[in-house]
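Colleague: Below: sequence and its predicted model.
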Amino acid sequence: MQNDFAHEVANQRQTDPDLAVSARELTKRFGRFTAVDGISFDVRRGEIFGFLGANGAGKTTAIRMFCGLLPPTAGEAQVAGYDVRTQPRMIKQTIGYMSQKFSLYEDLTVAQNIEFYGGIYGLTRPQIEHKTGLLLDELNLRDRRDTLTQSLPLGWKQRLALSVSLLHDPSIIFLDEPTGGVDPISRRNFWRIIYEIADSGKTVFVTTHYMDEAEYCGRLSIMYQGRIIEIGTPGGLKEKYGLDTMQDIFVHLVGGDTRKEAKQ
């Protein structure tokens, strides 16, 4: 096992050290269905990069490939310099990942969830105990450390899941629809935390179908039917299309295509 690990390190691809994520014609097919269709882009370290698109656009499939959870059908991608096809284990040790369902075990207590994920991320017992104390204080959950996670309000589950994904101090954080189902105030508070994470030097890669959240990203891509149909900064895209909001841009790009398809 150790020799395999050393072999992976020795064979790490040399890439631009300023790139956190890079994809070239990355594709994923499930039988005859193409979920991700030849996407290409780069994400620089320290960016807040957004994947904007409706449900079913291919965002979650793409993010699972970047996290080393799904092998691509074609194309290539690197995360933190590691190849998603040949080095998924290295990627998993380097990144943090928060899935749509917050990645928490509802039948475990708050403290048990922290301990469980600390073990998965390879932290020692003293490190886990130290991190648990810090997180409970930071989240104001010390008096609820023995509370079952299923009893927490949705906003607290969201923050706990994010904190757990940061236990091992990863350099890149993947957040898949992290604000789905929470109230607007919790969403705004969550984005304040995302900015704090980015300010600490970490790269944040976030998927969303909320148009207002696209405005918070430093740069974003718009996905439609598995393809990236536009990419740029919110301000740059507004200037390019002469529109005031990302909602207007999305309707202009995707809504127009949808109307054309309906007429055919």
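Modeller: Right, received. Where do you want to start?
Colleague: rest of the way, CA atoms for contacts and neighbours
Modeller: Noted.
Colleague: pLDDT below threshold where in the stretch 1-150 of the chain?
Modeller: Counting by pLDDT under 70, the ranges of the stretch 1-150 of the chain that qualify are 1-15, 102.
Colleague: Show me where it has its helices.
Modeller: 2-10, 59-66, 88-94, 110-120, 125-138 (DSSP state H, counting those that start in this stretch).
Colleague: Over to the stretch 151-264 of the chain?
Modeller: Going by DSSP H, counting those that start in this stretch, the stretch 151-264 of the chain shows helices at 154-165, 184-199, 211-214, 234-241, 246-250, 256-263.
Colleague: Show me what the longest one packs onto, helices and strands only.
Modeller: The elements that helix 184-199 packs onto, with contact taken as 3 or more C-alpha pairs under 8 Å, 6 or more residues apart in numbering; DSSP states H and E, are strand 203-208.
Colleague: re earlier: out of the helices of the stretch 1-150 of the chain, which comes closest to residue 205?
Modeller: helix 59-66 (8.6 Å; C-alpha to C-alpha).
Colleague: and the gap between the closest residue to residue 23 other than its chain neighbours and residue 93?
Modeller: Computed as C-alpha to C-alpha, 6 or more residues apart in numbering, the closest residue to residue 23 that is not its neighbour in sequence is residue 77, at 4.2 Å. Distance, residue 77 to residue 93, using C-alpha to C-alpha, to the nearest Å: 17 Å.
Colleague: Which one's more surrounded, the two?
Modeller: residue 77 (24 against 14; other C-alpha atoms under 10 Å).
Colleague: Can you name the residues that contact residue 64?
Modeller: By C-alpha atoms under 8 Å, 6 or more residues apart in numbering, the residues touching residue 64 are residue 70.
Colleague: hmm, back to that, lowest-confidence stretch among the helices of the stretch 151-264 of the chain?
Modeller: When the helices of the stretch 151-264 of the chain are compared on mean pLDDT, helix 256-263 scores lowest, with a mean of 39.
Colleague: I'd say residue 225 and residue 57 touch.
Modeller: Yes - with contact defined as C-alpha atoms under 8 Å, residue 225 counts as touching residue 57 (4.8 Å).
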